[in-house]
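Engineer: What follows is a predicted structure for the sequence shown.
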Amino acid sequence: MTKGTHNYLEDKRNEGILIYVNGDILPRNDATISVFDSGFLLGDGVWEGIRLYNGHLVFLEEHLDRLYKGAKQLAIEVGYNPEELAGLIYKTLAANGMKSGVHIRLIVSRGLKKTPYQHPNANAGSSTIVIIPEYKEADKKTNKTGIRLVTVTTRRGTPDSQDPRLNTLSKLNCIIACIEADKAGADEGIMLDVNGNVSTCNSTNFFIVRAGEVWTSTGQHCLPGVTRQAIINICRDNEIPVYEKDFRIDSVLSADEVFVTGTFAGVIPAIEVDGRVMSNNIRGSLTQRLQKLYTSKLNRMYLKTGPA
């Protein structure tokens, strides 16, 4: 089982799931792609993680918007419009009889290569699309007990090197940070930007609470998280002061509360940063309030059973 923000409950049904691969819906063990695929060879593609809740794909429009923007920036032709792609996801869910408690990995790569080479002219044919739906519920204990973070030396890049705002298959920057955090005994790594400001964690977005204010980074060097934006909007709707700003790690270490956000994780408290105990080693009161407000928002939006 994974640690930290991606703690999940094992489900034996995942052994028999059906996966969409380029028009075919195949048993898990038969769902394969070519070794000449751009995603496998070069990490050349984009992806999204999407939750299925009460038959609804949570924040589907926002996730597809991010995916298509990334594909456009990388000059990848998805081959379907957003409505058609959403239909493929629902088709895959229906084939599995899935209604809720599911996490979907949607992957779009540049497609097959004629030969292992990075140039797009080496491609032969259309994009590769893979849809992996898994029965995956977050372990709710983490919502209460929290996670441990450590500041890592691996930094976020800049838009003129490898744009850190793109959700690409090439996750090496985050993987190196993840390995570094794991070797330090932490669950996630806090990553700074090139200017030394706090940017993000390796697989989640990062927030602190100071004197009743919620702070997060400017967003210039982190993934524009869908849940991140939902929490910012929730703060604004509930008159909780929230700021997207530059701040240093010393502001984190003196913060009242620390939490992270993500599609799978939701809102998760951090009870330790760089070996320092945060919020008396318990979930902070504002973090707990935001967890409740986020859950309430999902329940209002997706109360009725949807089309899945």
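Structural biologist: That came through, no problem.

Engineer: which ones are touching the residue nearest to residue 216 when sequence neighbours are not counted?
Structural biologist: Nearest non-adjacent residue to residue 216, counting by C-beta to C-beta, 6 or more residues apart in numbering: residue 207, 4.8 Å away. In short, each C-beta sits where N, CA and C put it, glycine included. For residue 207, the contact set (C-beta atoms under 8 Å, 6 or more residues apart in numbering) comprises 214-216, 231, 258-261.

Engineer: all helices in this structure, in order from the N-terminus.
Structural biologist: Applying DSSP state H to the chain gives helices spanning 38-42, 60-73, 82-96, 141-145, 159-162, 172-183, 226-237, 249-253, 285-301.

Engineer: How about residues contacting the helix or strand of the chain with the lowest mean pLDDT?
Structural biologist: Ranked by mean pLDDT, DSSP states H and E, the weakest helix or strand in the chain is helix 159-162, scoring a mean of 86. Under the contact criterion C-beta under 8 Å, 6+ apart, helix 159-162 has outside partners 165, 170, 173, 220.

Engineer: Kindly supply the ChimeraX command isolating those of these that are buried.
Structural biologist: Those of those that count as buried under 16 or more other C-beta atoms under 10 Å are selected in ChimeraX with:
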select :165,173,220
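
Engineer: Would you mind measuring from residue 268 to residue 252?
Structural biologist: With distances taken as C-beta to C-beta, to the nearest Å, residue 268 is found 15 Å from residue 252.

Engineer: Could you pull up the residues touching residue 31?
Structural biologist: Counting by C-beta under 8 Å, 6+ apart, residue 31 has contacts 19, 21, 130, 132.

Engineer: Let's see that with 7 Å instead.
Structural biologist: Going by C-beta atoms under 7 Å, 6 or more residues apart in numbering, residue 31 touches 19, 21.

Engineer: can you pull the pLDDT of it?
Structural biologist: Per-residue pLDDT puts residue 31 at 98.

Engineer: Tell me how far it lies from residue 24.
Structural biologist: Residue 31 is 8 Å from residue 24, by C-beta to C-beta.

Engineer: With respect to residue 181, which of the contacts of residue 207 is nearest?
Structural biologist: Distance to residue 181 across these (C-beta to C-beta) is lowest for residue 260, with 12.3 Å.

Engineer: Leaving out chain neighbours, which residue sits closest to the closest one?
Structural biologist: residue 204 is the one closest to residue 260 (C-beta to C-beta, 6+ apart), at 3.9 Å.

Engineer: And the pLDDT at the one you found?
Structural biologist: pLDDT, residue 204: 97.

Engineer: contacting residues around it?
Structural biologist: Residue 204 neighbours (C-beta under 7 Å, 6+ apart): 5, 188, 260-262, 265.

Engineer: about what we covered before: neighbour-wise, which of residue 268 and residue 252 wins?
Structural biologist: residue 268 (29 against 22; other C-beta atoms under 10 Å).

Engineer: where does this protein dip in pLDDT?
Structural biologist: 1-3, 305-308 (pLDDT under 70).

Engineer: Show me it divided up by domain.
Structural biologist: When the chain is parsed with automatic domain parsing, its domains come out as 12-135, 141-299.

Engineer: quick one on the thing from earlier: of the contacts of residue 207, which is the most crowded?
Structural biologist: Result: residue 259 is most packed of the contacts of residue 207 (other C-beta under 10 Å), 31 neighbours.

Engineer: so how many other residues sit close to the spatially closest residue to that residue that is not a sequence neighbour?
Structural biologist: Sequence neighbours aside, residue 287 is the residue nearest to residue 259 in space, at 4.5 Å (criterion: C-beta to C-beta, 6+ apart). Using other C-beta under 10 Å, residue 287 has 25 neighbouring residues.

Engineer: Residue 287 contacts residue 255, doesn't it?
Structural biologist: No: counting by C-beta atoms under 7 Å, residue 287 stays clear of residue 255, with 11.0 Å between them.

Engineer: joint contacts of those two?
Structural biologist: Contact with both residue 287 and residue 255 is made by residues residue 209, according to C-beta under 7 Å, 6+ apart.

Engineer: ok so, going back, quick one: the residue nearest to residue 260 from residue 14, how far?
Structural biologist: 23 Å.

Engineer: just residue 247 next, same as before
Structural biologist: Remark: distance between residue 247 and residue 14 (C-beta to C-beta) = 40 Å.
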